[in-house]
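K.L.:
everything below, folded, please.
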Amino acid sequence: MKHNNIRMKICIVVSYFTPYVRGNEYGLAESLTKLGYDVTIIASKGKAPREVKKDFSGEFDFKVKYLPTLLDIGENPVVSGLNLEGYDVALLQEDYPFICHKAYAEAKRCGVKTILSLVRGYYPRGHKGFFLRLFDQLKNKELREGADGLTARCSATKDFVERELGVKREIEIMYSGVDTTLFRPMEPTGKYLSEGQFKLLTIARLHRYKGLEYLIEAMGLLQEMQEAKLYILGKGSEEENLKKLVKRLALERNVEFLQQSIPNYEMPFLYGECDVYVQPSIIEPYGIAVLEAMACGKPVIGTKVGGMLDTIKDGETGFLVEVGNAEEIADRIMILRDGDKRAEMGEKARDRVVENFDWMVIGRKYQEIIEDLV
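P.N.:
Model prediction:
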């Protein structure tokens, strides 16, 4: 993209950037680079606790600038050396990170246009939620009102921003996407999910808000489906409780916990080995694994929360169930026992992602906003 005969320079500002994970900022930077922009991701040198063991290495077409971390307060790093001179647009990822506040002030100083992307759709419990509410009425509000463009990750986020935060200005919904050239239907190899004639997969932090106990309870209701096996990939504080539940329900042969670290480029092979993907979350800001599984041609069972309300088309690409309803989950699993039904839904799931959630589709929508601003 040319701007005054020079490639337009865009920076994406985010607290942490771990190439191993290839999160939202990775896909956005890659798509905008392919569209002709000069893109730099600006992040702290720190790592989020869940990514502390992940590798920083990697080669990309876009640039990455890691800034010195002076302090990290509750996964919110304070950095030094942030300079936005020479950039045309700054894409700020969320309204509460200190690095985004600093980038917003720097953008104002340099005359750089800003687009603020909002992701959260709820207040966390405890002290974190208390301080977030406080900041929302003070500094965060300044970003939401002052940014040149405002986007929300999904419909649930937009509703939260308007209802809870009182934002009255125009908000564009800009989904997170997936690379559908990477995430595509793959033939099963048996490398990751080796047992079971009917394989279910869920990928999540082992935390209460992921609702995994309801999925395990659903497995206990599938007495006539002894061929079914659930694989849970993830780590977290609820691991011991979930394993005790599996033992109490005598499901040791039907539920297996996977804890290996799988790089992003290997994930399509993992999805390729399951028959159905399930996301039983109680709270879910977006649910990128749902999109990845759909892109790999898998029908998905998800709950009626967060981004899944936008990504899953109930009855066509999978099913949406009520939060905390093990019986409903079990019923939908039974329906997907039918191989023809799975194939039909999986094909529609793949088509839906390619048409609406591929990163190049998302990138072109960002391009429209950027061109309107600059």
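K.L.:
who's the closest residue to Val14 other than its chain neighbours bridged to?
P.N.:
In space, and not counting its chain neighbours, Val14 is closest to Gln93: 4.3 Å by Cβ to Cβ, 6 or more residues apart in numbering. In short, each C-beta sits where N, CA and C put it, glycine included. With DSSP bridges as the criterion, Gln93 is bridged to Ser117.
K.L.:
export stretch 283-302 as PDB, just CAs?
P.N.:
Below are the C-alpha coordinates for stretch 283-302, written out as PDB (Å, rounded to 0.1, in the frame of the first residue of the first chain):
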ATOM      1  CA  ILE A 283     -16.900 -17.500  30.100                       C
ATOM      2  CA  GLU A 284     -15.100 -17.100  26.700                       C
ATOM      3  CA  PRO A 285     -14.000 -13.800  25.300                       C
ATOM      4  CA  TYR A 286     -13.600 -15.200  21.800                       C
ATOM      5  CA  GLY A 287     -12.600 -18.900  21.400                       C
ATOM      6  CA  ILE A 288     -10.000 -19.000  18.700                       C
ATOM      7  CA  ALA A 289      -9.700 -22.800  19.000                       C
ATOM      8  CA  VAL A 290     -13.300 -23.100  17.800                       C
ATOM      9  CA  LEU A 291     -12.300 -21.300  14.500                       C
ATOM     10  CA  GLU A 292      -9.200 -23.400  14.100                       C
ATOM     11  CA  ALA A 293     -11.200 -26.600  14.400                       C
ATOM     12  CA  MET A 294     -13.900 -25.400  12.000                       C
ATOM     13  CA  ALA A 295     -11.200 -24.400   9.500                       C
ATOM     14  CA  CYS A 296      -9.900 -28.000   9.800                       C
ATOM     15  CA  GLY A 297     -13.300 -29.200   8.700                       C
ATOM     16  CA  LYS A 298     -14.600 -30.300  12.200                       C
ATOM     17  CA  PRO A 299     -18.100 -29.700  13.600                       C
ATOM     18  CA  VAL A 300     -18.000 -27.800  16.900                       C
ATOM     19  CA  ILE A 301     -20.100 -27.900  20.000                       C
ATOM     20  CA  GLY A 302     -19.900 -24.600  21.900                       C
END
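K.L.:
dump the residue contacts of Val246.
P.N.:
Residues near Val246 by Cβ atoms under 8 Å, 6 or more residues apart in numbering: 216, 252, 255.
K.L.:
so who does the last one touch?
P.N.:
Contact partners of Val255, counting by Cβ under 8 Å, 6+ apart, are 216, 219, 229-230, 232, 246.
K.L.:
grab the nearest non-local neighbour of the spatially most central residue of the chain.
P.N.:
The centroid of the chain falls nearest to Ile288 when counting by Cα atoms, centre = their mean (3.7 Å). Using Cβ to Cβ, 6+ apart and skipping the chain neighbours, the partner closest in space to Ile288 is Ser176 (5.7 Å).
K.L.:
surely the one you found meets Tyr286?
P.N.:
Yes: at 5.7 Å, Ser176 counts as touching Tyr286 under the criterion of Cβ atoms under 8 Å.
K.L.:
what sits in contact with each of the two?
P.N.:
Common contact partners of Ser176 and Tyr286 (Cβ under 8 Å, 6+ apart): 153, 307.
K.L.:
Gly272 and Glu59, how far apart?
P.N.:
26 Å (Cβ to Cβ, to the nearest Å).
K.L.:
and those two? which has more neighbours close in?
P.N.:
Gly272 (21 against 5; other Cβ atoms under 10 Å).
K.L.:
who are the contact partners of the residue nearest to Val14?
P.N.:
12-15, 24-25, 100, 117, 119.
K.L.:
now, those that are in helices?
P.N.:
Members of these lying in helices (criterion: DSSP state H): 24-25, 100.
K.L.:
between the residues you listed, which is nearest Ala43?
P.N.:
Nearest to Ala43 among those, counting by Cβ to Cβ, is Glu25 at 7.9 Å.
K.L.:
which residues does the helix or strand harbouring Val161 contact?
P.N.:
Assigned by DSSP states H and E, Val161 belongs to helix 155-163. Residues outside helix 155-163 that contact it (Cβ under 8 Å, 6+ apart): 118-122, 144, 152, 167-168, 171, 173, 285, 305-307, 309-310.
K.L.:
from these, which would you call buried?
P.N.:
Those of the contacts of helix 155-163 that meet the buried threshold are 118-122, 144, 152, 167, 171, 285, 305-307, 309-310, by 16 or more other Cβ atoms under 10 Å.
K.L.:
surely Arg169 forms part of a helix?
P.N.:
No: under DSSP: H, G, I helix; E, B strand; the rest coil, Arg169 falls outside any helix and is assigned coil.
K.L.:
out of everything not next to it in sequence, what's closest to it?
P.N.:
Closest to Arg169 by Cβ to Cβ, 6+ apart is Leu150, at 6.0 Å.
K.L.:
mind giving me the packing neighbours of the host helix or strand of that neighbour?
P.N.:
Per DSSP H and E: Leu150 is located in strand 149-152. In terms of contacts (3 or more Cβ pairs under 8 Å, 6 or more residues apart in numbering; DSSP states H and E), strand 149-152 is packed against strand 113-118, strand 172-173, helix 359-373.
K.L.:
partners of it in the sheet?
P.N.:
Strand 149-152 is paired, per DSSP bridges, with strand 113-118 (parallel), strand 172-173 (parallel).
K.L.:
would you mind finding the longest helix in this structure?
P.N.:
Assigned via DSSP H, the chain shows its longest helix as helix 339-356.
K.L.:
just the C-alpha atoms of that helix, please, in CSV.
P.N.:
Taking C-alpha atoms only, helix 339-356 is exported to CSV below (Å, rounded to 0.1, in the frame of the first residue of the first chain):
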residue,chain,number,x,y,z
GLY,A,339,-20.6,-39.8,10.3
ASP,A,340,-22.6,-38.3,7.4
LYS,A,341,-23.8,-35.5,9.7
ARG,A,342,-20.3,-34.8,10.9
ALA,A,343,-19.0,-34.6,7.4
GLU,A,344,-21.8,-32.3,6.3
MET,A,345,-21.4,-29.9,9.2
GLY,A,346,-17.6,-30.0,9.0
GLU,A,347,-17.6,-29.0,5.3
LYS,A,348,-20.0,-26.1,6.1
ALA,A,349,-17.8,-25.1,9.1
ARG,A,350,-14.7,-24.9,6.8
ASP,A,351,-16.6,-22.9,4.2
ARG,A,352,-17.9,-20.4,6.9
VAL,A,353,-14.4,-19.8,8.2
VAL,A,354,-12.9,-19.3,4.7
GLU,A,355,-15.6,-16.8,3.8
ASN,A,356,-15.7,-14.8,7.0
